[in-house]
Structure formats: structure tokens, C-alpha cells
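Asks: when you get a sec, could you give me coordinates for this:
(chains A and B)
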Amino acid sequence: NAGVTQTPKFQVLKTGQSMTLQCAQDMNHNSMYWYRQDPGMGLRLIYYSASEGTTDKGEVPNGYNVSRLNKREFSLRLESAAPSQTSVYFCASSEGIAGVVGRQFFGPGTRLTVL
Amino acid sequence: AQSVTQPDIHITVSEGASLELRCNYSYGATPYLFWYVQSPGQGLQLLLKYFSGDTLVQGIKGFEAEFKRSQSSFNLRKPSVHWSDAAEYFCAVASLVDRGSTLGRLYFGRGTQLTVWP
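Replies: Predicted structure coming up:
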């Protein structure tokens, strides 16, 4: 039972390059989330998916797109990376079913640097 | 709108001393509150949560937190800190309903960095 896995762990991009961050969970959770963490800012929600087939914007969605490929996988894409997107990215999942607020389980993070 | 404030950016304590990390929230209904811990280079791990009932909740690693509705607070405490407790701590409040599809969405505070002196 791996929990939440993320790939890659580290990535360096040049401005304008694109990349996709992968996330998978094996806990059969309905809801999945992408956060970014910047010093002194805590975690800010980029996008989330309350269930398979749905996605919604969070606090800071500009410059990102997401795909909920199936119940297990939720990917985050940077189409044209900018230095402002240098951050640590965390994927999380939770039960999040109707009427229940579940704890969130976090992946180990992806440290992204955009030059 | 939901929000969480952690007034202390950085706290330093000596090993064996007691610890209290402050958290204040803003939420229109009964809040669902969480404390998470992040060790260096790691993801976040749940320490404890409050959903309802007893306002003093116990968590892992000897931590506890007390929900005080009148003060809109959910402070984290530990009687005796260990060097391994050095980490960043995040308080969060959960949104139950937000545009009808955001069950389980968390709003995080900015974190408190804990340093433990030997």
C-alpha cells in the first residue's frame, strides 16, 4: 500500500518549457488535490477533483491544467513554465464523499525549479 | 470566507519544555479542524483532527489540541518536546460545502516552524 505517489521528485525547467507532474493513489479515494508550497505562504490549492470526471479551480489555478485520468490518477500540467512557478508541489487525496470530510493524505512532493 | 491564521512564524523551545502553537480560524459554521506536521523534505502528515464532541483531542506523537469556539481557536500543545518534533506545523480548516462540489477541501494557515534546542 504505497499511499500517494508523485513523479518526478525533482525537476528543472527552462522558461517556456512544458511538463506534467504525475500523481497516483491506491486508497480508492474519491477526491484528489494539487497544492503548491512556497516559503511563508503555507499550502495553496491549485486544482482539485472531488470525484472521477470532475475538476475545479482552487486559489491559484493560472498557468496550470489538470486531468483526472481515472480514479487513481490526477496529473498537473504546466504548459509554458514561468519562474513564478518555482515551488514544491504536493498531491493529496481524501475520502471526500458526500457528507463526510476526510483527512487528506499527501504525497512526498515534487520540487520544481524554473530558470 | 474560510481562513486560518497562525500568528507565530517561528518558535524555538528547549528539549523537554512545553509547547503551544496557536491557530485561529474563520468559518461560518461548525469547523472541521486539523493539524498537520511536515518534516524537512517530506509531505504533510496528519497529527490530529476535530470534527465534533470532546473539545480536547489527542493525536499522534503525544500532541493534543483544544477547540475553543468562543475564541475561534484550535491551539496545538505538547507537554514535553523532543528534538524529533522539529518541523513545520500547519493548521487547517475544512470546507464542507463550497459551490456544491468541494467536500473535504482544506484551507491551510501559513505554518509555524518549530526549532528545538538540545
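
Asks: centre-most residue in chain A?
Replies: Compute the mean C-alpha point of chain A, and by CA atoms, centre = their mean the closest residue is A:Trp34, 2.5 Å away.

Asks: pretty sure it contacts A:Arg44?
Replies: No. Taking contacts as CB atoms under 8 Å, A:Trp34 lies outside contact range of A:Arg44: 10.0 Å. To be clear about C-beta, it is placed using only N, CA and C from the backbone, and glycine gets the same treatment.

Asks: which residues are common contacts for those two?
Replies: A:Gly58 (CB atoms under 8 Å, 6 or more residues apart in numbering or on different chains).

Asks: what score does residue 3 have for pLDDT?
Replies: I went with chain A, as the question did not name one. Note on A:Gly3: pLDDT of 92.

Asks: that's the wrong chain, I wanted chain B
Replies: 87.

Asks: show me what contacts it?
Replies: B:25-26, B:93, B:107.

Asks: do you know how far it is from chain A?
Replies: Distance from B:Ser3 to chain A, counting by CB to the nearest CB, to the nearest Å: 11 Å.

Asks: got the buried residues for stretch B:71-84?
Replies: Using 16 or more other CB atoms under 10 Å in any protein chain shown as the test for burial, stretch B:71-84 gives B:73-76, B:78, B:81.

Asks: should've said stretch A:10-21
Replies: Neighbour counts over stretch A:10-21 (16+ other CB under 10 Å) mark A:11, A:13, A:21 as buried.

Asks: residues in contact with the first one?
Replies: It refers to A:Gln11. Per CB under 8 Å, 6+ apart, neighbours of A:Gln11: A:19, A:21, A:110-113.

Asks: worst-scoring helix or strand of chain B, pLDDT-wise?
Replies: Among the helical and strand segments of chain B, the one scoring lowest on mean pLDDT, DSSP states H and E is strand B:105-108, with a mean of 83.

Asks: and it, what other elements does it pack with?
Replies: With contacts defined as 3 or more CB pairs under 8 Å, 6 or more residues apart in numbering or on different chains; DSSP states H and E, strand B:105-108 has these neighbours: strand A:42-49, strand B:3-5, strand B:87-95.

Asks: let's see it at 6 Å
Replies: Where contact means 3 or more CB pairs under 6 Å, 6 or more residues apart in numbering or on different chains; DSSP states H and E, strand B:105-108 is packed against strand B:87-95.

Asks: thank you, goodbye.
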